[in-house]
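Enquirer: I need the structure of the sequence given here:
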Amino acid sequence: MQNKEQSLASAIYSTMDGSISASSGNTEGPPFHFRTNEGSLVSALKTLLFFTILMVTLPIGLYFASKAYIFEGSMKMSNSDSYFYAAIVAVLAVHVVLALFVYVAWNEGTPKGKGKYD
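Expert: A predicted model of the protein is given here:
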């Protein structure tokens, strides 16, 4: 029975990244590799929050600004025409923000060094 307890105390477990670690039964907290992911989680949440705010404010702001100042102000368009063209500007802004988010999310975990990677 004591051998089973000792084997449980020093059990070998496989982590999510495929590495194998040995547990000696101490309760200091999660292994080191779990704690290092907290920084990347905070970074990902900051990126998501930034693009969420940008997704809400930029298209709405560009819609009203382009309608009032560009289409009705500078180009002297009618009210119904300015609605249409301002909506096109807002839709384009949504697509630009989405493309930027995908680009930033895709390159978030890549190393930032020069050189050739094989």
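Enquirer: Now for Leu48, how many residues are close by?
Expert: 13 (other Cβ atoms under 10 Å). Bear in mind the C-beta positions are built from the backbone N, C-alpha and C, glycine included.
Enquirer: next one: Leu62
Expert: Neighbour count of Leu62, defined by other Cβ under 10 Å: 19.
Enquirer: For the closest residue to it other than its chain neighbours, give its distance to Ser43.
Expert: Excluding the flanking residues, the one nearest Leu62 by Cβ to Cβ, 6 or more residues apart in numbering is Ala93, at 4.9 Å. Here the criterion is Cβ to Cβ, to the nearest Å. By it, Ala93 lies 25 Å from Ser43.
Enquirer: any idea which element the residue nearest to Leu62 lies in?
Expert: Assigning secondary structure by DSSP states H and E places Ala93 in helix 79-106.
Enquirer: That helix - contacts with which helices or strands?
Expert: helix 37-65 (3 or more Cβ pairs under 8 Å, 6 or more residues apart in numbering; DSSP states H and E).
Enquirer: buried residues in the helix it packs on?
Expert: 51, 55, 58-59, 62-63 (16 or more other Cβ atoms under 10 Å).
Enquirer: Take the residues you listed and write them to JSON lines, including distance to Gly39 and pLDDT.
Expert: Output for the buried residues of helix 37-65, formatted as JSON lines (distance: Cβ to Cβ, whole Å; pLDDT from 0 to 100):
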{"residue": "Phe51", "distance to Gly39": "19", "pLDDT": "96"}
{"residue": "Met55", "distance to Gly39": "25", "pLDDT": "96"}
{"residue": "Leu58", "distance to Gly39": "28", "pLDDT": "97"}
{"residue": "Pro59", "distance to Gly39": "31", "pLDDT": "97"}
{"residue": "Leu62", "distance to Gly39": "34", "pLDDT": "97"}
{"residue": "Tyr63", "distance to Gly39": "37", "pLDDT": "97"}
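Enquirer: which one of those residues sits closest to Val104?
Expert: Phe51 (7.5 Å; Cβ to Cβ).
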